[in-house]
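# dropping the sequence and predicted coords here.
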Number of protein chains: 2
Amino acid sequence: MSQFNDVSVDLKANVYFDGQVTSRGVTFPDGSRKTLGLMLPGDYEFGTSERELMEITAGHLEVQLPGEEVQTIKGGDNFKVPANASFKVKVLEVTDYCCSYFAD
Amino acid sequence: MSQFNDVSVDLKANVYFDGQVTSRGVTFPDGSRKTLGLMLPGDYEFGTSERELMEITAGHLEVQLPGEEVQTIKGGDNFKVPANASFKVKVLEVTDYCCSYFAD
């Protein structure tokens, strides 16, 4: 799938770490939301409120999830992050991602 | 207007200048396209094939269009670029933009 169809896309981007990480909200007909974003090379720590699925469209990064070994992630891979958790990311190449949120 | 509704959004981002400038395509029901993008601080030169309208959602930049004085542009402002032209941009603050294309 190369596009999301019949969605609403936010005009205003979310900007983090002085623009090194940015994303834009997408709302689906069923009311669910995803963000489509980009991470530039660097080290970042993120926090979640809801459970998240990070699907990597392109790029190369290392991810350290709570209590887990560091994982190497590339385009086509994905990783899940529990709710109310923080996780560390080392981005090695510009990374294009889609984040889905699950309010369990 | 804070969102574009009933559109298709590209999963894969457009990445320029090592990620300092990125955008994502949005396709409207009438087939027209826009890109929603971000520019990080820096100096860039762009080329157009079609006539473009650049609407700045947030940010601060200086623009030099062909044969014109340098303009200072901020959030809420816009500028037009003719087809088949190149223009220089000096981005002073992270800039969030929407680009529309016109095949005259």
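Alright, I've got the coordinates.
# can you report how many residues neighbour A:Lys90?
A:Lys90 has 15 neighbours, counted by other CB atoms under 10 Å in any protein chain shown. From N, CA and C alone the C-beta is placed, and that goes for glycine too.
# so how far is the helix or strand hosting A:Lys88 off the chain centroid?
For A:Lys88, the enclosing helix or strand under DSSP states H and E is strand A:86-102. Taking CA atoms, centre = their mean, to the nearest Å, one finds the center of strand A:86-102 at 4 Å from the center of the full chain.
# spit out the contact partners of A:Val94.
The contact partners of A:Val94, taken as CB atoms under 8 Å, 6 or more residues apart in numbering or on different chains, are A:38-41, A:58-59, B:15, B:18-19, B:22.
# go again with 6 Å.
Counting by CB atoms under 6 Å, 6 or more residues apart in numbering or on different chains, A:Val94 touches A:40, A:59, B:15, B:19.
# ok, A:Phe4 next?
The contact partners of A:Phe4, by CB under 6 Å, 6+ apart, come to A:26, B:9.
# equivalent analysis for A:Pro66, please.
Shown in contact with A:Pro66 (CB under 6 Å, 6+ apart): A:Ala85.
# the same query, at a cut-off of 8 Å, please.
Residues near A:Pro66 by CB under 8 Å, 6+ apart: A:82, A:85-87.
# what is the nearest of those to chain B?
Each of the contacts of A:Pro66 was scored against chain B by CB to the nearest CB, and A:Phe87 proved nearest at 21.1 Å.
# I'd say that closest one and A:Leu61 touch.
No. At 11.2 Å, A:Phe87 does not count as touching A:Leu61 under the criterion of CB atoms under 8 Å.
# when the two are compared, which one has more neighbours?
A direct count of neighbours by other CB under 10 Å for A:Phe87 and A:Leu61 places A:Leu61 higher, at 24 against 19.
# so how far is chain B from the more buried one?
Separation of A:Leu61 from chain B (CB to the nearest CB, to the nearest Å) stands at 13 Å.
# sorry, back to before: tell me the one among the contacts of A:Val94 nearest to A:Lys34.
Closest approach between these and A:Lys34, by CB to CB: A:Gly59, at 17.0 Å.
# report the secondary structure state of that closest one.
Here A:Gly59 is recorded as strand under DSSP: H, G, I helix; E, B strand; the rest coil.
# could you find the closest non-adjacent residue to it?
Excluding its sequence neighbours, the residue lying closest to A:Gly59 (CB to CB, 6 or more residues apart in numbering or on different chains) is A:Thr95, at 2.8 Å.
# burial measure for that neighbour, as a count.
Residue neighbour count, defined by other CB under 10 Å, stands at 26 for A:Thr95.
# contact partners for A:Tyr97?
Counting by CB under 8 Å, 6+ apart, A:Tyr97 makes contact with A:36-39, A:54-57, A:59.
# tell me which element A:Asp43 falls in.
In this structure, A:Asp43 sits in strand A:42-47 according to DSSP H and E.
# output the contacting helices and strands for that strand.
strand A:86-102 (3 or more CB pairs under 8 Å, 6 or more residues apart in numbering or on different chains; DSSP states H and E).
# so which helix or strand takes in the closest residue to A:Tyr16 other than its chain neighbours?
The shortest distance from A:Tyr16 to any non-neighbouring residue, by CB to CB, 6+ apart, is to A:Thr22 (7.0 Å). In the assignment (DSSP H and E), A:Thr22 maps to strand A:21-27.
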